[in-house]
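Asker: the following block contains a protein sequence and its predicted model.
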Amino acid sequence: MASTGSPAARKGAQLGPLALRFGVVGVLNTLVHVCTTVLLVEGLEVHPVPASVAGFVLAVIVSFLLNTFWTFRQADELARRFLRFFVVSVSAMLLNTLIMYVAVEWLHWHYLLGLLVVLLVVPPYNFFLNLLWSYRPR
């Protein structure tokens with residue numbers, strides 16, 4: 001049976017499953033970051049800052065692989081996509097840091113309120129920037 005919806009409507013309907021898969025990867029990504037950091041700090045007595053950096057880098061790699069092969073299913077041009085994905089990930093981390101800093105240091109909010117703002121802003125930012133740039137077909 002032929003689809004009767006417009007191309008824009010069909011594309012909009014595809015965002016739901018993409019966003020869901022992206023969210024699942026995001027949860028796994030967070031677990032990789034946290035578990036790696038805790039393992040390095042508690043198990044190997046690595047300083048928390050480099051441990052968190054290592055956790056972030058490993059999480060970005062895992063996230064890139066899962067998003068490339070499962071979420072967006074675009075395994076072409078891996079080097080270009082990874083560079084873009086990494087830039088988006090770092091910009092999302094900077095946005096996260098900026099929001100938390102403004103919320104806690106300037107506005108004197110409780111950190112959980114700042115974290116709530118982060119959770120409302122950063123994942124959609126990350127998803128749409130990756131959708132429109134990292135995984136945009138040529």
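Answerer: Arrived safely. Numbers count the residues shown, from 1 in each chain.
Asker: could you use CA atoms for every contact and neighbour count after this?
Answerer: Will do.
Asker: the least confident helix or strand in the chain by mean pLDDT packs against which elements?
Answerer: Using mean pLDDT, DSSP states H and E, helix 7-38 stands out as the lowest-scoring helix or strand of the chain, at a mean of 82. Applying 3 or more CA pairs under 8 Å, 6 or more residues apart in numbering; DSSP states H and E, one finds that helix 7-38 contacts helix 48-66.
Asker: pull out the buried residues from the helix it packs on.
Answerer: Within helix 48-66, the residues that count as buried by 16 or more other CA atoms under 10 Å are 51-52, 54-66.
Asker: mean confidence for that helix?
Answerer: Confidence over helix 48-66 (mean pLDDT, whole number) is 90.
Asker: now do stretch 89-100
Answerer: Averaged over stretch 89-100, pLDDT sits at 91.
Asker: with stretch 109-121 instead?
Answerer: What stretch 109-121 shows for mean pLDDT is 87.
Asker: quick one: contacts of it?
Answerer: 96, 99-100, 103-104 (CA atoms under 8 Å, 6 or more residues apart in numbering).
Asker: CA atoms of that stretch as PDB?
Answerer: Provided in PDB are the C-alpha atoms of stretch 109-121 (Å, rounded to 0.1, in the frame of the first residue of the first chain):
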ATOM      1  CA  TRP A 109      20.200  27.500  41.900                       C
ATOM      2  CA  HIS A 110      20.500  24.100  43.500                       C
ATOM      3  CA  TYR A 111      22.700  21.900  41.300                       C
ATOM      4  CA  LEU A 112      19.800  19.500  40.600                       C
ATOM      5  CA  LEU A 113      17.800  22.300  39.000                       C
ATOM      6  CA  GLY A 114      20.700  23.100  36.800                       C
ATOM      7  CA  LEU A 115      21.000  19.400  36.000                       C
ATOM      8  CA  LEU A 116      17.300  19.400  35.000                       C
ATOM      9  CA  VAL A 117      18.000  22.300  32.600                       C
ATOM     10  CA  VAL A 118      21.000  20.400  31.200                       C
ATOM     11  CA  LEU A 119      18.800  17.300  30.600                       C
ATOM     12  CA  LEU A 120      16.100  19.400  28.900                       C
ATOM     13  CA  VAL A 121      18.600  21.200  26.600                       C
END
